[in-house]
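Q: sequence first, then the predicted structure, then my questions.
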Amino acid sequence: MISIKSSKEIELMRKAGKIVALAHQQVSQAIRPGISTAELDAIAEKVIKNNGAIPSFKGKEGIKGSIFPATICASINNEVVHGIPDARVLREGDIISIDIGACMDGYHGDSAKTHPVEKISEEARILIEVTRQSFYEGIKYAKNNNRLSDISNAIQVFVETHGYSVVRDFVGHGIGKELQEEPQIPNFGKPGYGPRLASGMTLAIEPMVNIGDFRVRILPNNWTVVTADGSLSAHYEHTILITEEQPEILTKL
């Protein structure tokens, strides 16, 4: 069942979303060749905790009982999602997807962005832009009384028109008291299916886009998802609120 949030719950999610956005702002300013993903993780955790929230991802249980050990997901180049921060340092030409979640008074915000590390290839630049824009193409349909798959279809059509593929094995999700709630929100599918959207629903829409094939695999750490063919991947996500008018993005300043 998809929960409809009260005005009080929505206000808490706005607060969580703003903290996520602040953490993204600080992390993005620190991205440069030579910095480690562990250092970026520390920056995000400091912002979240200094603003009275807690990291949503840290301690989250995954497959085979694995526990996510960090505040952010830091996924480099062919890593799609769930990259674990460590001593790896960024190099010029890399792209890095940063996914951040924060929980404020029991309610979550969740957002992801892919960044260039200084000068990148034109191919990588276009991938990042197409992935970002696919989110905005999708939320054009995030309106009261539309069907959930209307969002999914708009994302898929836009991405595939540009010659890229959308990841099928990982999807967006509802969000609120839990980081991941009903419904699952694929980034592909025919329009006109799924539940009707209603004011008060809060959703994390997150296209994951590969330059090559849509297939992925999970590394032995049981978390990090990479493209099966080794191609570059980008990720873009915001938490949104369905309203009577246009959707409200909760995870931006």
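A: In hand now; what should we look at?
Q: show me where the stretch 1-150 of the chain has its helices.
A: In the stretch 1-150 of the chain, the helices defined using DSSP state H, counting those that start in this stretch lie at 7-30, 37-50, 122-139, 148-161.
Q: who are the contact partners of Ile95?
A: 76-77, 114-117, 120, 124, 127-128, 232, 234 (Cβ atoms under 8 Å, 6 or more residues apart in numbering). From N, CA and C alone the C-beta is placed, and that goes for glycine too.
Q: tell me the contacts of Ile218?
A: 63, 224-226.
Q: quick one on the thing from earlier: export the contacts of Ile95 to a markdown table and tack on distance to Ile155, pLDDT and neighbour count?
A: Shown next, in a markdown table, are the contacts of Ile95 (distance: Cβ to Cβ, whole Å; pLDDT from 0 to 100; neighbours: other Cβ atoms under 10 Å):
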| residue | distance to Ile155 | pLDDT | neighbour count |
| --- | --- | --- | --- |
| Ile76 | 23 | 98 | 19 |
| Asn77 | 22 | 98 | 20 |
| Thr114 | 15 | 98 | 24 |
| His115 | 20 | 98 | 17 |
| Pro116 | 22 | 98 | 16 |
| Val117 | 26 | 98 | 21 |
| Ile120 | 23 | 98 | 17 |
| Ala124 | 20 | 98 | 19 |
| Leu127 | 14 | 98 | 24 |
| Ile128 | 15 | 98 | 21 |
| Leu232 | 18 | 98 | 24 |
| Ala234 | 13 | 99 | 29 |
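Q: columns distance to Lys177 on top of those, output as CSV?
A: Output for the contacts of Ile95, formatted as CSV (distance: Cβ to Cβ, whole Å):
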residue, distance to Lys177
Ile76, 32
Asn77, 34
Thr114, 28
His115, 30
Pro116, 35
Val117, 36
Ile120, 38
Ala124, 37
Leu127, 34
Ile128, 32
Leu232, 35
Ala234, 29
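Q: thank you, goodbye.
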